[in-house]
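Enquirer: give me the fold of what follows.
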Amino acid sequence: MIRTRTIATLAALGAMTAAITLLAGLTSAKADELADLRANQQLLEQRLDQLSQAAAAAPGPAIGVGSFPRSFLIPGTDTSLRVGGQAVGSLLWEFKGAPVGGELNGTAGLNNIYTEGIGGTNLGSIPLLQPGIVGIGTLSPVGCVTAPSGAAVCPGQATSNLVGYAPPRQQAILFSGRQSQLYVDVRQPSPYGEVKAFVSMDFLASNTNTILNNNDGVSNGYIPRLREGYATIGGFLIGQTNGTMRDTDSEPETVDGGGQTGIPGIVRLGQIRYTYPLPNGMSVAVAAENPDPQAAGQFGQFDYDTNAIPNLTNCPSAAAGGATNNITVSCLGNQAFFDPLSVIMPNLVARWRIDQPWGHLQVGVQAQGYGMQDGRYLNADYIGYGGSVSGHFFTWGKDNLGFGLAGGNGLGDGLVNGIGLATNFGAPLAGDTVNAATSTSKFNGNALARSIYDSAVISTTIVEASARIYYQHWWTDQLRSTIDFSVSRNEVPDLPGYVYCRTTAGSCGGINRELDVSHLNLIWSPVAFVDVGVEGAWGHRLVVSNLRGDAYSVQGEFKVRF
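Expert: Residues are numbered from 1 along each chain as shown. Coordinates of the predicted model:
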């Protein structure tokens, strides 16, 4: 009798736990989360049967159900543990606009790091439509541009007799499992609230020059990378996870792992955050996040941490007349050589959110600081700021609509594919061509010449904006489709010293002005935790010099979550 009542009580508690979990998750659940909850209820029922059998056969301590879905209690403790992840098989066919490698001045070869799709940050690598081979002429430095004065400004690369560019190879076929993930989630109660430790990893590291040369010659060289690693106690979080302004519930379900453009909040970065719950499903959060300024300059876009590749052999450039250059540069673009960015403060972020049965709404604001210091006479600070509003709403049945609007001035990578600062540092100023390929430049000359140059440097924050929308329709309980569109834009200004960026494709003319991406998919979940999907995608890239590029792809996936 006692055993019967115990089993009945366990069954009632399990059913109540499943019901409460289901109701609590409806406000922000996505399709896979709903499937998780349904499957978790089945697992609870199975666990109850196992517990009752174990109690009858061998009385004593047994592994119990944990405090969150698909977790279990470590015997003898109140710690709940879940080891999970996903195994993903993907086939990507880019039949136009596949990103190319470095062969033939970037007009050939395959860049094997874009296996997850054309969306997200991959949009910025869509090849531009070039005028083709203009002709064969005398040797001239590749990537040189002509300033209004007529002087050649070169990024210090090797020479070639190609004065035009052939249309890049347009196709790529990639089978991949790089989107597979593993994670460990550990939680336990404390007098100060729940304590949590979370670590996740995938295989999307993208160090092209180190691990992806002849990538499939024997077996590919993909390596694990840290996605998230953070600890929480109560409302405090410290570690690496999604940016505080990011709103994953307003993002569509796509086969393309790159997703949309213009998403507010850096995808994953180090931070310290505090979240405070409010009545009626509301909450507020404040955070200090890892800064990562980005700028658009004479030689293209560069970041605060743009560096030469470690252990790369330096290559001194030959000057006119055969003299050896007094500037030794690494064998890479001059973004690393001309990188004066510095940080003056962490990114400061605040967020308000409300979750209700109809969906959710979120508002966020962010400020970040930039420094420009060249170790000589350039020392200036700039503040960028911006905000976002996003949300999703249930329409009828399980259908839902999501959206996002964001913008700011100098927000930088606070928006995916954003650029925070424009500068003419490195451009020909005050009679100085700043040519790292020759020793005739005054850039490393006397102090007076350098102070005159630095006094002519102008930098300004860039206005940027983005818009996103998606709609998901459920054909049946197992079959659904999502269609979406997103656009992000950087209003890169004309600055004295590189106005010619508007008319040349190389260097600063290749800085992204506008990026667009759209997806349409069909995803089938025959059983819980399994997705089989196919998706078509279109991407568009517009750069400062008004050259354009388009990409079209079809992608399929088979995903099993565990």
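Enquirer: sort out which residues of stretch 471-483 are buried, please.
Expert: 472, 480-482 (16 or more other C-beta atoms under 10 Å). C-beta here means a position set from N, CA and C on the backbone, and glycine is covered the same way.
Enquirer: same check, this time on stretch 286-294
Expert: Buried-residue list, stretch 286-294, by 16+ other C-beta under 10 Å: 287-289, 291-294.
Enquirer: which of the buried residues of stretch 471-483 lies closest to residue 540?
Expert: Nearest to residue 540 out of those is residue 482 (C-beta to C-beta; 19.3 Å).
Enquirer: that closest one is in what secondary structure piece?
Expert: strand 479-491 (DSSP states H and E).
Enquirer: elements contacting that strand?
Expert: strand 463-474, strand 512-524 (3 or more C-beta pairs under 8 Å, 6 or more residues apart in numbering; DSSP states H and E).
Enquirer: CA atoms only: put it into CSV for me.
Expert: In CSV, the C-alpha atoms belonging to strand 479-491 read as follows (Å, rounded to 0.1, in the frame of the first residue of the first chain):
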residue,chain,number,x,y,z
LEU,A,479,6.0,20.4,-40.4
ARG,A,480,6.8,24.1,-40.5
SER,A,481,8.2,26.8,-42.7
THR,A,482,9.9,30.1,-42.0
ILE,A,483,10.5,33.1,-44.3
ASP,A,484,12.6,36.1,-43.3
PHE,A,485,14.4,39.2,-44.5
SER,A,486,17.0,41.4,-42.8
VAL,A,487,19.1,44.4,-43.8
SER,A,488,21.9,46.3,-42.2
ARG,A,489,23.5,49.5,-43.4
ASN,A,490,26.6,51.5,-42.5
GLU,A,491,26.6,55.2,-43.7
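Enquirer: just checking: what are the partner strands of that strand?
Expert: Strand pairing for strand 479-491, using DSSP bridges, gives strand 463-474 (antiparallel), strand 512-524 (antiparallel).
Enquirer: average pLDDT for it?
Expert: Confidence over strand 479-491 (mean pLDDT, whole number) is 97.
Enquirer: show me where the stretch 301-450 of the chain has its strands.
Expert: With strands called from DSSP state E, counting those that start in this stretch, the stretch 301-450 of the chain shows them at 314-318, 324-330, 341-343, 347-356, 359-373, 379-394, 400-409, 421-423.
Enquirer: helix or strand with the lowest mean pLDDT in the chain?
Expert: Lowest mean confidence among the helices and strands of the chain (mean pLDDT, DSSP states H and E): strand 159-162, at a mean of 34.
Enquirer: beyond that one, next helix or strand please.
Expert: Toward the C-terminus from strand 159-162 - assigned by DSSP H and E - lies strand 172-176.
Enquirer: buried set for that following strand?
Expert: 172, 174, 176.
Enquirer: hmm, residue 525 is touching residue 478, no?
Expert: Yes - Residue 525 is within contact range of residue 478, at 5.1 Å (criterion: C-beta atoms under 8 Å).
Enquirer: out of the strands paired with strand 479-491, nearest to residue 186?
Expert: Of those, nearest to residue 186 by C-beta to C-beta is strand 512-524, at 30.7 Å.
Enquirer: so after that closest one, what's the next helix or strand?
Expert: Following strand 512-524 toward the C-terminus (DSSP H and E): strand 530-543.
Enquirer: sheet-wise, list the partners of that next one with their directions.
Expert: Sheet pairing for strand 530-543, using DSSP bridges, gives strand 512-524 (antiparallel), strand 548-561 (antiparallel).
Enquirer: deepest of these, which one?
Expert: strand 512-524 (a mean of 21; mean count of other C-beta atoms under 10 Å).
Enquirer: buried residues of stretch 273-287, list them for me.
Expert: 273, 275, 285, 287.
Enquirer: OK, contacts around the last one?
Expert: It refers to residue 287. 244, 271-274, 348-351 (C-beta atoms under 8 Å, 6 or more residues apart in numbering).
Enquirer: could you flag which of those are buried?
Expert: Here, 16+ other C-beta under 10 Å leaves 244, 271, 273, 348-351 buried among the contacts of residue 287.
Enquirer: let's have those in a markdown table, adding pLDDT.
Expert: Output for the buried ones among the contacts of residue 287, formatted as a markdown table (pLDDT from 0 to 100):
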| residue | pLDDT |
| --- | --- |
| 244 | 95 |
| 271 | 96 |
| 273 | 98 |
| 348 | 96 |
| 349 | 97 |
| 350 | 97 |
| 351 | 97 |
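Enquirer: how about those residues in CSV, adding distance to residue 255?
Expert: Listed next are the buried ones among the contacts of residue 287 as CSV, based on distance: C-beta to C-beta, whole Å:
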residue, distance to residue 255
244, 27
271, 29
273, 30
348, 35
349, 30
350, 33
351, 29
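Enquirer: pick out whichever of those sits closest to residue 557.
Expert: Taking the buried ones among the contacts of residue 287 together and measuring to residue 557 by C-beta to C-beta, the closest member is residue 244, at 29.3 Å.
Enquirer: surely that closest one is in a strand?
Expert: No - counting by DSSP: H, G, I helix; E, B strand; the rest coil, residue 244 is not part of a strand but coil.
Enquirer: so, low pLDDT: which residues of the stretch 51-200 of the chain?
Expert: Applying pLDDT under 70 to the stretch 51-200 of the chain flags the ranges 51-63, 102-108, 130-169.
Enquirer: tally of neighbours for residue 358?
Expert: Residue 358 has 12 neighbouring residues, counting by other C-beta atoms under 10 Å.
Enquirer: surely it and residue 393 touch.
Expert: Yes - counting by C-beta under 8 Å, residue 358 touches residue 393, with 6.0 Å between them.
Enquirer: once you drop chain neighbours, what's closest to residue 551?
Expert: residue 97 (2.8 Å; C-beta to C-beta, 6 or more residues apart in numbering).
Enquirer: residue 260 now?
Expert: Nearest to residue 260 is residue 486, by C-beta to C-beta, 6+ apart, at 3.8 Å.
Enquirer: what's the one you found in contact with, if anything?
Expert: Residue 486 neighbours (C-beta under 8 Å, 6+ apart): 260-263, 466-469, 516-518.
Enquirer: try 10 Å
Expert: Residues counted as contacts of residue 486 (C-beta atoms under 10 Å, 6 or more residues apart in numbering) are 119-120, 123, 251-252, 259-263, 404, 416-417, 466-470, 515-519.
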